[in-house]
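Undergrad: Mind looking at a prediction? Sequence and model below.
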Amino acid sequence: MTSTMKIIMMNHHGMNSSIRSVFTIFSIPETALKPVAGGKFEYIQEVPYVLHGVLNGFQGKNIKRIQTDCNVKVQLPHRNSKSDDVRIIGSRQGIDKASTQIELLVDGKRFNRPMTHFLTFRVKFTVKSK
């Protein structure tokens, strides 16, 4: 069984603030990394396409920060694409760190999006008298 467990230390402001340290206990499974030229690897991370703007950030600041901090290249699909695949290219450690930062950034904004569906359910129950 391959799984990823991470310990993340953040400052006291929580999810929207910068990460001080990321310690990885188990990294991304080897089968998920595809070797590319120059001894680097490629990893495809699924990020819902409606959150690609959050990942990119104002004037691309979020994605630039992740690329600089982790020494990786992050490629988003074309803006008209409905693809959820975000490509990360770099060293194993860089990919793991970037993947964690992307996950934290997106998880903080996932539920801030407007609702797209409204569901109703009919509930029928009977109260028994004693």
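TA: Here it is on my side, so go on. Residues are numbered from 1 along each chain as shown.
Undergrad: what secondary structure does the residue nearest in space to the middle of the chain sit in?
TA: What sits nearest the mean C-alpha location of the chain, by CA atoms, centre = their mean, is Glu103, with 2.5 Å. Judged by DSSP: H, G, I helix; E, B strand; the rest coil, the three-state class of Glu103 is helix.
Undergrad: Let me see the contact set for it.
TA: Residues in contact with Glu103 (CB atoms under 8 Å, 6 or more residues apart in numbering) are Gln45. No exception for glycine: its C-beta is placed from N, CA and C like everyone else's.
Undergrad: need the strands for the protein, in chain order.
TA: Secondary structure of the chain (DSSP state E): strands located at 6-10, 19-24, 34-35, 41-46, 73-75, 85-90.
Undergrad: hey, which helix or strand in this protein has the poorest pLDDT?
TA: Counting by mean pLDDT, DSSP states H and E, the chain has its least confident helix or strand at strand 19-24, which shows a mean of 45.
Undergrad: In this structure Gly57 contacts Ile63, no?
TA: Yes - with contact defined as CB atoms under 8 Å, Gly57 counts as touching Ile63 (6.3 Å).
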